[in-house]
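**Student:** Below are the sequence and a predicted model; questions follow.
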Amino acid sequence: MNRQPISPEDYSRLVSKLTPPSRHLRGALRAFWVGGLICCIGQALNMLGESLRLTELTAPMFTSVVLIFLGTTLTGIGVYDKIGRYAGAGSIVPITGFANSVAAPAIEYRREGIVLGMGARIFQIAGPVIAYGVTSSMIVGFIYYAIRGWLL
């Protein structure tokens, strides 16, 4: 079977014909309201912590722990993936998205065992984020320390 090469114009027409139309506005609205809802839940948890007489330092910790628990639990039962498909980046930005990025690889590779599966893959997605955050905060800290020492 001898195939003729396709011209760039024909290829472009074929791609535009087969590509579904993007719905940027709908995606942005979904991301906005779902991400906002997650943040409102976080604020409600913070207010609950304060009403339980937690201190200014422990109320945000309570909020973070509960949101991480909810994110990993919803990932474990398969609900967070549905939220992610619906809301896109709105489900990724809050702390629940970070919990999902840690829990999802662990769940996916659990069949390979605790050490070589879950242990080796748990930070597959979140590991580079943690490494970048720690490294960049150290660099900024050293710069701040050097400038502060130089100015004083």
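**Tutor:** It's in.
**Student:** Give the next helix or strand downstream of the helix or strand bottoming out on mean pLDDT in the chain.
**Tutor:** Counting by mean pLDDT, DSSP states H and E, the chain has its least confident helix or strand at helix 120-121, which shows a mean of 77. Remark: after helix 120-121, the chain's next helix or strand is helix 126-151, criterion DSSP states H and E.
**Student:** what's that next one packed up against?
**Tutor:** helix 95-108 (3 or more CB pairs under 8 Å, 6 or more residues apart in numbering; DSSP states H and E). Yep, even glycine has a C-beta here, placed from its N, CA and C like the rest.
**Student:** Need the contact partners of the helix it packs on.
**Tutor:** Residues outside helix 95-108 that contact it (CB atoms under 8 Å, 6 or more residues apart in numbering): 38, 42, 64, 67-72, 74-76, 80-81, 84, 91-92, 118, 121-126, 129.
**Student:** Can you give the distance of the least confident helix or strand of the chain from its chain's centre?
**Tutor:** Here the centre of helix 120-121 is set off from its chain's centre by 18 Å, with CA atoms, centre = their mean, to the nearest Å.
**Student:** same question, stretch 125-145
**Tutor:** Put simply, stretch 125-145 sits 18 Å off its chain's centre (CA atoms, centre = their mean).
**Student:** what's the answer for stretch 73-85, then?
**Tutor:** On the basis of CA atoms, centre = their mean, stretch 73-85 sits 12 Å off its chain's mean C-alpha point.
**Student:** got it, and stretch 117-133?
**Tutor:** 12 Å.
**Student:** Of all the residues in that stretch, which ones are buried?
**Tutor:** G117, M118, R121, I122, F123, A126 (16 or more other CB atoms under 10 Å).
**Student:** Ok, stretch 47-64 next?
**Tutor:** Buried residues in stretch 47-64 (16+ other CB under 10 Å): G49, E50, L54, A59, P60, F62, T63.
**Student:** so which of those comes closest to I147?
**Tutor:** Of all the buried residues of stretch 47-64, I147 sits closest to P60, with 28.9 Å by CB to CB.
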